[in-house]
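Undergrad: Got a sequence here, can you build the structure:
(one chain, ligands or ions: 4)
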Amino acid sequence: MRHLNRFLLVVFLTESTLLYVQTSQALFSDTAASSSNTFSASLEFPTPTLSIANHLVINEVYYDVDASHTLDDENSSEWVEIYNPTSSSVDLTSWTIEDNNGSDSLTGSLSAGSFLILIATDSASFQNIWSVPSGTNIFTVSGLIGGNFGLANDGDILTLKNNTVEIDKMSWEGNISGFLTGCAVSCPGVAEGHSLERNPNGYDTNDANDFDDTNPPTPGS
Ligand SMILES: [Ca+2]
Ligand SMILES: [Ca+2]
Ligand SMILES: [Ca+2]
Ligand SMILES: [Ca+2]
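TA: Ligands and ions are numbered 1, 2, ... in the order given. Next up is the predicted model:
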């Protein structure tokens, strides 16, 4: 009788072990299937829409010039990149760009997905010190960019207008008027030789954080 009991105990233990292994395998395959399902489902989620503007934007600003990119002086070596993120060409007749103390008239047109670099020197000198993609629009403004004093390193604002309609604006450091949010006390600025650039190009939520500290700057791309 003791032998029979021992035999039954062995049979019970063996079957329990098998059942446990089968259950473990079943659990494992259920988990694997579940993970797989989750992964498949995530592929079907829509890609979030980034806030790319549906109008021209001030896309990159090189306001704090370093020695290796200085031509005659600081202010004549500054530049501003305008970007057209829309699917249509824009006629720039009657468009202006303003800083804190003056404005410049633009001219020509900017085709869809293209960049325009506003400079305060001649195009050849500019392209000697900056690598600009061929075909990029470059426009020399009258005098300095904005008003008589160029783009102040400790804070300034740029406003892009079509006639009197404000299309885009941004500011940096001590000037906090260029954004709705993101710089209540002072706006982000950059070290000498860096630029402020929208990331990605055309990204515009009217927040100071739409711009990144970019080094090296990228005029025309
Ligand atoms: Ca400057
Ligand atoms: Ca200024
Ligand atoms: Ca804006
Ligand atoms: Ca750029």
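
Undergrad: In three-state terms, label S125 for me.
TA: Using DSSP: H, G, I helix; E, B strand; the rest coil, the structure places S125 in helix.

Undergrad: wait, F149 sits on N75?
TA: Yes. With contact defined as CB atoms under 8 Å, F149 and N75 form a contacting pair (7.0 Å). To be clear about C-beta, it is placed using only N, CA and C from the backbone, and glycine gets the same treatment.

Undergrad: So those two - more neighbours on which side?
TA: Comparing F149 with N75 by other CB atoms under 10 Å, the one with more neighbours is N75, at 20 against 13.

Undergrad: Excluding sequence neighbours, find me the nearest residue to N148.
TA: Excluding its sequence neighbours, the residue lying closest to N148 (CB to CB, 6 or more residues apart in numbering) is G102, at 6.2 Å.

Undergrad: for the one you found, phi and psi?
TA: G102 has phi and psi values of phi 180, psi -180 when expressed as degrees, to the nearest 10.

Undergrad: And the pLDDT at D204?
TA: Model confidence at D204, given as pLDDT, is 98.

Undergrad: Please disregard the earlier target; I meant S29.
TA: On the pLDDT scale, S29 gets 37.

Undergrad: count of residues packed around the residue nearest to N148?
TA: Using other CB under 10 Å, the number of residues around G102 comes to 17.

Undergrad: surely it meets G146?
TA: Yes. At 5.2 Å, G102 and G146 qualify as touching, with contact defined as CB under 8 Å.

Undergrad: need the residues of this structure near ligand 1, please.
TA: Residues of the chain found near ligand 1 (CB under 5 Å from the ion) are Y63, L151, N153.

Undergrad: same thing but at 6 Å, please
TA: Y63, D64, V65, E74, E78, G150, L151, N153 (CB under 6 Å from the ion).
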